[in-house]
Structures are given as C-alpha cells and as structure tokens.
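Trainee: Using only what follows, build the 3D model:
(one chain, ligands or ions: 1)
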Amino acid sequence: MVTVRVFSERASLTHQLGEFIVKKQDEALQRKSDFKVSVSGGSLINALYESLVADASLSPRVQWSKWQIYFSDERIVPLTDADSNYGTFKKIVLDKLASTVQVNVHPMDESLISNDGAESRDNIAAQYEQILPQSLDLVLLGCGPDGHTCSLFPGQKHKYLLEETKKRVAWCHDSPKPPSDRITFTLPMLKDAKALCFVAEGTSKQDIMHEIFDLKNDQLPTVLVNELFGKKTSWFVNDEAFGKVQAKNF
Ligand SMILES: O=C(O)[C@H](O)[C@@H](O)[C@H](O)[C@H](O)COP(=O)(O)O
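Mentor: Numbering: from 1, shown residues only. This next block holds a predicted model:
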C-alpha cells in the first residue's frame, strides 16, 4: 500500500510536501549527523522551491548545512547546460538560499563527458554510483506522462534499465524524453532508500495516474516502484492529476 495525498490547492500541496521532507530530515538527524536526499528533474524542482525556500514557516526549519544532496537521475550534459538537473536545481533552489548557507551537493562528474560512446557513458554512471551512500534517507521523484520515473522508461527498448539487478546507477540511452543520454538510479538503489516520494501535478498526468492507480499496469516503472516498495512510498498529487482516478485504496 502506498500513501497518496491529493490536494486542491497548490499552496497546500507544497506546504505539506515541505512538512513531509522536513520530518524526514528531522528523523534522519535524530539518528545521525546528516540527511541524505536525492532530487529528480522536471516540475518537481519548482515544487521544492515553493516548499523549502518560499514557504516562510518551513524555510527556517530546513537545515541545509546538514543535507547531502544527490540526483535520482541526470542528463549527460555539462552542469551549466539548461537541460542539467543539477543546473536547474542550482538555479531554482540553491541560488535562492542566503550566501552564508553551505550545502553539500553531489552532481555527476561532468569532466567525464566525452564523445567516446557507450563505454564513457557507462563510466559516468559507474563513477556516480561510487559516490552514492548505501542508503538515502529520501528519494524525491517525478512521474512522466508515460509512467517513467528517474530515467527508468517503460517499453521493451528500455527494459534493460528495469532488469538491472547489480548496477545502482545505469546509463539510459535513446531516452524518449530529451536529452537522449542520461544516468539514472535503478531499482536496487531505490530498494535501499528509506523513503520514496513522488510529486505529480496537472492535467497532463491524468491518463497516467488512472493507469497507475486504477489499472495498475505493471509494465510501467512507476507501478513497479509502487508494487515493490509500497510501504515506504508516498505520492503528493493534485486534483487535476487525479481527475480520472477511481480507486480509493492504494
Ligand atoms: O530528468 C528528468 O527528466 C526526470 O528526473 C524525470 O523523471 C522527471 O521527474 C519526470 O519526467 C517528470 O517531469 P515533469 O514533472 O516535468 O513532468
């Protein structure tokens, strides 16, 4: 069973998302000295800005200096490229923090990007895996209109990503969502995380939410995540995204 929270107001969604993240932070800091979290790309990053930076009651409770931030997936482009998840997160969230705030961020090693083909891209994934902790306290995820999450895409062509049992980070090639080359957490990495949290908003997500929560199409990476890791998985969605969902229990 996954936990699903549906919101009518954007401000309530982002506030409750922020409360959830801060609770995970506080729980982690009771056990140890840091909070290890990963961030995905897409609209999630704007929601994180609203939750953790713009929300005046939450922002003072975010202990940024104790965060270790990783990326659930990353596009293989320079970190300054408009397509970089790190670059977008930096621009939208990190650059908005006071200059005195120190945050530990762990982006992909852009110096490894080359035109040397498959081997070099596999190497970028392998190097990223090296710097990851065994277990993240929280993995923040988006959901594409085709049911992908991280850069785990549905369909035969990308089945190799879902079938990966050893590598915790894999190279995704020919991504249906540009840019084509990416690195992504695999299911083994998600398995070891303490908590997973999806954010999905807007009417463009209606059909896929119906497919995920009513039809439970297990060819979809998001459905697999729900099925495999349901107990530790939460969804924050809005009315628009959930407009076609009939199910009451998840
Ligand atoms: O880098 C990426 O492309 C992502 O990490 C990807 O998994 C994203 O989170 C979803 O595609 C949802 O994106 P939207 O919320 O923008 O639809």
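Trainee: Can you name the element that comes right after the host helix or strand of residue 223?
Mentor: In this structure, residue 223 sits in helix 221-229 according to DSSP states H and E. Next along the chain after helix 221-229, taking DSSP H and E as the criterion, comes strand 233-238.
Trainee: What average pLDDT does that next one get?
Mentor: Mean pLDDT, strand 233-238: 98.
Trainee: and this protein, which residues reach the ligand?
Mentor: 40-44, 73, 85, 142-144, 148-150, 177 (Cβ under 6 Å from any ligand atom). In short, each C-beta sits where N, CA and C put it, glycine included.
Trainee: Okay, and which of these map to helices?
Mentor: Residues of those located in helices (DSSP state H): 44, 85.
Trainee: Neighbour-wise, give me the winner out of the residues of the chain next to the ligand.
Mentor: residue 150 (31 neighbours; other Cβ atoms under 10 Å).
Trainee: Looking at the residues of the chain next to the ligand, which is nearest residue 241?
Mentor: Closest approach to residue 241 among the residues of the chain next to the ligand (Cβ to Cβ): residue 143, at 8.7 Å.
Trainee: Grab the nearest non-local neighbour of that closest one.
Mentor: residue 200 (4.5 Å; Cβ to Cβ, 6 or more residues apart in numbering).
Trainee: residues contacting the one you found?
Mentor: Residue 200 is in contact with 142-143, 209, 235-238, 241, counting by Cβ atoms under 8 Å, 6 or more residues apart in numbering.
Trainee: Out of the residues you listed, who's the most crowded?
Mentor: residue 143 (27 neighbours).
Trainee: Residue 213 versus that residue, what's the distance?
Mentor: 11 Å (Cβ to Cβ, to the nearest Å).
Trainee: Nearest to the ligand, out of the contacts of residue 200: which one, please.
Mentor: Closest approach to the ligand among the contacts of residue 200 (Cβ to the nearest ligand atom): residue 142, at 2.3 Å.
Trainee: in the sheet, who's paired with the spatially most central residue of the chain?
Mentor: Centroid-nearest residue in the chain, with Cα atoms, centre = their mean: residue 141, separated by 2.7 Å. Per DSSP bridges, the residues bridged to residue 141 are residue 198.
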